[in-house]
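# Sequence first, then the predicted structure, then my questions.
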Amino acid sequence: MVAANHLLYKPAQPGAPEGSKDAKGEHPDHIVVIKYVPAVGDSKRAIDEYYSEIFCGGRSTINIFNECEDSLLATPLILDLTILAELLTRVKYRETSATPALTTKAAEFKPLYPVLSLLSYMLKAPLVKPGTDVVNSLNRQRNALETFLKACIGLEGSSDLLRPREE
C-alpha cells in the first residue's frame, strides 16, 4: 500500500546508497501485534492507539477498544465477493475501432483479465494486472466498480463535477 501511494509516501530512489533512507523510501512508523487467545474463541478484541503531535510539542493519544465476532463480520463480505466474482466471469468484451476492417482475432469477445481488480473495493491488498497501478483509495475503488457495472447495463457513469447549467 505504501509503494502504491506516491502522494503520501516518498518512493525508493533508484541509485541511492544501499541501506540509506532514500534507498528504502518512506514508510509509516507503526507496529502490528496479533495474538491468538483460545479462551475468547471467535470473539476478537482489538486495541488501536493513535498518536499525534499537538501544539507546543505535546502529544495526543486516542485509544479505541473493539470487540467483535470475526466470522459474523466477514460473512456478508464473502457473499458479496462471491456473487460479484461470479457476475464478472460472465462479462465479455471486444475491441472496437474506428476502422471497419477489424481482424478476426480483435473482433472476438474475450473474458475479463483473471485478476479482477474491481474486487479490490472489498479487499485489503488489491491485485492488479501486471503493469497496472494499484489504487488504494476506497472511494475510487467503489466508483470504478459502480461505473463498470453501470457500463455493463448501458447506463452513463456518474460524475460529481459541479458544472454551471447552460442556458
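Right, received. Where do you want to start?

# lowest confidence element among the helices and strands of this protein?
helix 104-107 (a mean of 67; mean pLDDT, DSSP states H and E).

# Could you look up the next helix or strand downstream of that helix?
Counting by DSSP states H and E, the next helix or strand C-terminal to helix 104-107 is strand 110-111.

# quick one: average confidence on that following strand?
Predicted confidence along strand 110-111 averages 90 (mean pLDDT).

# Next, give phi and psi for residue 76.
The phi and psi torsions at residue 76 (degrees, to the nearest 10) take the values phi -60, psi -40.

# How many neighbouring residues does it have?
By the other CB atoms under 10 Å criterion, the neighbourhood of residue 76 contains 10 residues. Every residue, glycine included, has its C-beta placed from N, CA and C.

# what do you get for residue 120?
Applying other CB under 10 Å, we find 23 other residues in the vicinity of residue 120.

# Is it in contact with residue 133, as I believe?
No - no contact is recorded between residue 120 and residue 133 when judged using CB atoms under 8 Å, the distance being 11.7 Å.

# At which residues are the strands of the protein located?
Chain-ordered strands for the chain, with DSSP state E as the definition, fall at 43-53, 59-69, 92-93, 110-111.

# Dump those strands into JSON lines; add distance to residue 157 as well.
Rendered in JSON lines, the data for the strands of the chain read as follows (distance: least, CB to CB, whole Å):
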{"stretch": "strand 43-53", "distance to residue 157": "36"}
{"stretch": "strand 59-69", "distance to residue 157": "35"}
{"stretch": "strand 92-93", "distance to residue 157": "16"}
{"stretch": "strand 110-111", "distance to residue 157": "22"}
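
# between these, which gets nearest to residue 17?
Of all the strands of the chain, the one in closest proximity to residue 17, counting by CB to CB, is strand 43-53 (29.9 Å).
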